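[1] prediction below, plus the sequence it came from.
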Amino acid sequence: MRLNRSLNPLFQTMVRAVTVAGCVAPSSRTVSRDFCAAVALVLAVLAMRVRVRVRVDGVQRHLCRLPGDCPSTAGNVWRQREDGKPSLSVVGWEGGDGVDVYEAVGSRRAVRAFSDEPVPKEVLERVLAAATRAPSSGNLQPWHVYVVTGEPLAELKRRATARARAGDPGDEREYPIYPSELTSPYLERFSSAASQRYTALGIDRDDPDRPMKVAALNSEAFGAPIVLFCYLDRMMGPGQWGDAGMYLQTVMLLLRAEGLHSCPQVMWTMYRKTVSQTVGSDDGLVLFCGVSVGFEKEGVPRLRTGRADMTETVSFIGV
């Protein structure tokens, strides 16, 4: 098997031991999957907080969380047992220094198909506690976040989806999502991304019911088991809205470190009154957006929209 050079010697030694036991590499020995899983869990705990993700009989199991797609720096190993016995393989790991920032940024995307796998509360608490270190001008920390899951979220989805399917245009917007008139190059970027998004969702862009179908998918949070609703105090200005954006980006990158995906949705502002009834926000707050959170659903088309080349948006002065 191929070992990542960044792994500490202790972990390498233990992985070799598991290989000898027939858990990772082909072997004529019969070893139960429970035994292999137990050994892998011990490796994960002992080897300096190494995060391990394994497959048992081809089914991926998370012993510890990793970014959904194994980082390029992780060892990707798949050994099929020649004797047809249950096989376990380590398909990704990450050392005690945590997930590489470049990997987190590169793997973050707006996911629009989530599984119903529950997200442990302690994981969310860890993410949101760490996100408090996000940049904040004057240290105002203007964000107010409501975490909605379980039956309250299910009820909110039902009510919002009913409004969407009935053709409800939504509540009066409290802020413009886009300028009234987009010009080049913004219009081309917007149109290209929209076309890719509709294709991935299986919706014809010329479908007269497209707005209703898109709104219905959004109001179901694309199946996510958790939605974070971010509010700001109405007295706050553009600078604090920028702070909220940096805060949410920090949250989404931290979610990647936990193997979770997200999808920021300004759509929820269409049904802000329905959301407010669920979270109990007062009139002094304005809904910025919702962020759906969960594990990505397998077997669905993955959309990764392009980005303008860095030279189109960055100018170096004096360099």
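    Ah, there it is.
[2] what does stretch 144-154 contact?
    Contacting residues not belonging to stretch 144-154 are listed as 119, 124, 128, 156, 221, 225-233, 278-279, 281, 285 [Cβ atoms under 8 Å, 6 or more residues apart in numbering]. (Each C-beta comes from the backbone N, C-alpha and C, glycine too.)
[3] show me those residues that map onto helices.
    Within the contacts of stretch 144-154, residues falling in helices by DSSP state H are L124, L128, L156, T278, V279.
[4] does the third one touch T278 like I think?
    Yes. Checked against Cβ atoms under 8 Å, the pair L156 and T278 is within contact range at 4.6 Å.
[5] which one's more surrounded, these two?
    L156 (23 against 19; other Cβ atoms under 10 Å).
[6] tell me where the stretch 201-319 of the chain has helices.
    In the stretch 201-319 of the chain, helices defined by DSSP state H, counting those that start in this stretch lie at 210-219, 238-257, 272-279, 310-313, listed in chain order.
[7] possible to save those as JSON lines with mean pLDDT and distance to P135?
    As requested, these are arranged in JSON lines below (pLDDT from 0 to 100; distance: least, Cβ to Cβ, whole Å):
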{"stretch": "helix 210-219", "mean pLDDT": "76", "distance to P135": "28"}
{"stretch": "helix 238-257", "mean pLDDT": "97", "distance to P135": "5"}
{"stretch": "helix 272-279", "mean pLDDT": "97", "distance to P135": "25"}
{"stretch": "helix 310-313", "mean pLDDT": "95", "distance to P135": "20"}
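[8] now the ones you listed in CSV, with distance to Y146?
    Formatted as CSV, these follow (distance: least, Cβ to Cβ, whole Å):
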stretch, distance to Y146
helix 210-219, 17
helix 238-257, 13
helix 272-279, 4
helix 310-313, 33
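[9] about what we covered before: which one of the ones in helices among the contacts of stretch 144-154 sits closest to A308?
    L128 (31.2 Å; Cβ to Cβ).
[10] so the closest one touches V251, yeah?
    Yes. At 6.9 Å, L128 and V251 qualify as touching, with contact defined as Cβ under 8 Å.
[11] of these two, who's got more company?
    Under the criterion of other Cβ under 10 Å, the comparison of L128 against V251 puts V251 first, with 23 against 17.
[12] now that one: how far from E174?
    As for V251, its distance to E174 is 22 Å (criterion: Cβ to Cβ, to the nearest Å).
[13] S262 too?
    For S262, the distance to E174 - Cβ to Cβ - is 23 Å.
[14] and the two? Which one has more around it.
    S262 (26 against 11).
[15] what sits against the more buried one?
    R108, A110, V111, V251, M252, L255, V291, S292, V293.
[16] rerun that using 10 Å as the cut-off
    108-111, 114, 224, 226-228, 248, 251-256, 291-294, 296 (Cβ atoms under 10 Å, 6 or more residues apart in numbering).
[17] in the sheet, who's paired with it?
    Counting by DSSP bridges, S262 is bridged to A110, V293.
[18] next one: it from E296, what distance?
    Distance from S262 to E296, by Cβ to Cβ: 10 Å.
[19] anything in contact with each of these two?
    R109, V111, F114, A224.
[20] surely L232 touches T269?
    No. Using Cβ atoms under 10 Å, L232 is not in contact with T269, being 11.9 Å away.
[21] which residues are common contacts for these two?
    Y175, V286, L287, F288.
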